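Engineer: with the input below, show me the fold.
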Amino acid sequence: MSEEPKKIGKYSVHSVAGSGNFGIVYAGYDPFTAKRVAVKVCSASTQAADGAARLFRKMFFNEAHMAGALDHPNILKVLDAGEDAGEPYIVMEFVVGGRTLKDYCSSAKLLPIERVLEIGFKCAKALDYAHRRGIVHRDVKPSNIMLTPDGEVKIGDFGIAQRMQLDITQVLGIVGSPIYMSPEQAREDNIDQRTDLYSLGVVLFELLCGRPPFEAAGFSRLIYQITNETPPGLTTLRPEVPKPLAQLVAKALEKDPAQRCQTGLEMAIELARIGGRLRPRPNVSEDSKFESVRALSFFGEFSDTEVWEVVRASRWRKCDTRQHIIMQGAQEHSFFVIVDGEVSVSKNDTVIRRLGKGACFGEMGYLTNMKRTADIIAEADVTLLEINATMMERASVTCQLRFNKVFLQTLIERLARTSEELSKGGPGPLKH
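Structural biologist: Next comes the predicted model:
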């Protein structure tokens, strides 16, 4: 397709959204769902020799197969695939106003450290999700990670690099910069999920200080640095980077995969812990926290051991009167139990319910990864137990089952209350 097409398959084309070595991405429209989509066309296959063209086609449809099997809020969703005029195409969700992380990798446009931690956490969780399904990305880099206007992360280009070996990369030149390659990739050794975690470490390094850990004029020199040299310390390049974060990034960049985090979940947990340390914490002893939590009705069926697990895996949080705790439309990974005080639940500026001591909220977003459907605002000074999803994945099975039982009871009670309200004509707005 030498000229911009009017239509690709059943999808109308509006404009070019982006391009790369592998093909062109068009902004399109699906007339059946009445939604905007992104259509990526493998134009490179028509410019290659027969053998290479077959390989391009195979890898392109492999992306559709591999990425299409993934359903995670931080992975760019593949919706469809096909061929038009002999050229394969993939249809993906369209992210309005999204920018890749490459835009934030210069020293003049660095994101706040807390924001980088959040991005790293979401990327690590998304990669862990893919790794658990047998998929290694192999091409994690800033230009393959999109940041949406509402702050969400979307990892793209799953599947293409997953099926490539280094010799294909060198011959066809379609994976991109080798800056993000792990030492084992550069040596053409066997690779696994730890390769993606190395590459994510390079991305975090670049987001934090505006340059990658290794830079060289030539390919051979760069490969030598990646496989043999020690990267500079983050704190020497940007002194305000917290020491624990610098240490975690250095761990991700270890030459020996056995010295890195072994899973994306492990890396996400470390990032969450570092983020928790950066936030101001109320000065409350663990014993006092235990006594307060033990007294809550929510934890009535929990054993003392399980309550201690919860206290140690959660964050004690205090919110001032009228402070927003959850924003409608946000996508977070925590739920909350009210230790003291009261919150209001609002939709479109209308208060629909108030919750007090011992109540929980945010559990549906925690369980389903859905965006928050209401605003939660502190009605007075509130003390909360914030429980992070990633932390709870490390809790004992009995503790997790206990939470699930309470969530189910809570859901049944809310459904019963809603049914009763509807039978009486529906709930009216609560007055402040």
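Engineer: state the pLDDT value of Asp256.
Structural biologist: You'll see Asp256 listed with a pLDDT of 96.
Engineer: so how far is Tyr26 from it?
Structural biologist: Applying Cβ to Cβ, to the nearest Å, the value for Asp256 to Tyr26 is 43 Å. No exception for glycine: its C-beta is placed from N, CA and C like everyone else's.
Engineer: the two: which has the busier surroundings?
Structural biologist: With neighbours defined as other Cβ atoms under 10 Å, Asp256 and Tyr26 compare such that Tyr26 has more, 25 against 9.
Engineer: using the three-state scheme, assign that one.
Structural biologist: Classification of Tyr26 using DSSP: H, G, I helix; E, B strand; the rest coil returns strand.
Engineer: just checking, it touches Ala17?
Structural biologist: Yes. With contact defined as Cβ atoms under 8 Å, Tyr26 and Ala17 form a contacting pair (6.0 Å).
Engineer: quickly list what's touching both of these two.
Structural biologist: Ala38 (Cβ atoms under 8 Å, 6 or more residues apart in numbering).
Engineer: give me the neighbour count for Gly120.
Structural biologist: For Gly120, the neighbour count with other Cβ under 10 Å is 28.
Engineer: quick one: list the elements packing against the helix or strand harbouring it.
Structural biologist: Using DSSP states H and E, Gly120 falls within helix 113-131. When contacts are defined as 3 or more Cβ pairs under 8 Å, 6 or more residues apart in numbering; DSSP states H and E, helix 113-131 sits against strand 145-147, strand 153-155, helix 193-209, helix 264-278.
Engineer: tell me which of these lies nearest to Ala81.
Structural biologist: With Cβ to Cβ as the measure, strand 153-155 is the member of the helices and strands packed on helix 113-131 nearest Ala81 (18.3 Å).
Engineer: average pLDDT for that closest one?
Structural biologist: 92.
Engineer: name the residues that touch it?
Structural biologist: Under the contact criterion Cβ under 8 Å, 6+ apart, strand 153-155 has outside partners 74-76, 95, 98, 119, 122-123, 126-127, 137, 140, 144-148.
Engineer: skipping its backbone neighbours, what lies nearest the residue nearest to the spatial centre of the chain in space?
Structural biologist: Among the residues of the chain, Lys122 comes closest to the average C-alpha position under Cα atoms, centre = their mean, at 2.5 Å. Spatially, and ignoring its direct neighbours in sequence, Lys122 is nearest to Val153 (4.3 Å; Cβ to Cβ, 6 or more residues apart in numbering).
Engineer: how close does that neighbour sit to Val116?
Structural biologist: Taking Cβ to Cβ, one finds Val153 at 11 Å from Val116.
Engineer: what count of nearby residues applies to the closest residue to Gly210 other than its chain neighbours?
Structural biologist: Using Cβ to Cβ, 6+ apart and skipping the chain neighbours, the partner closest in space to Gly210 is Ser107 (3.3 Å). If you count neighbours by other Cβ under 10 Å, Ser107 ends up with 10.
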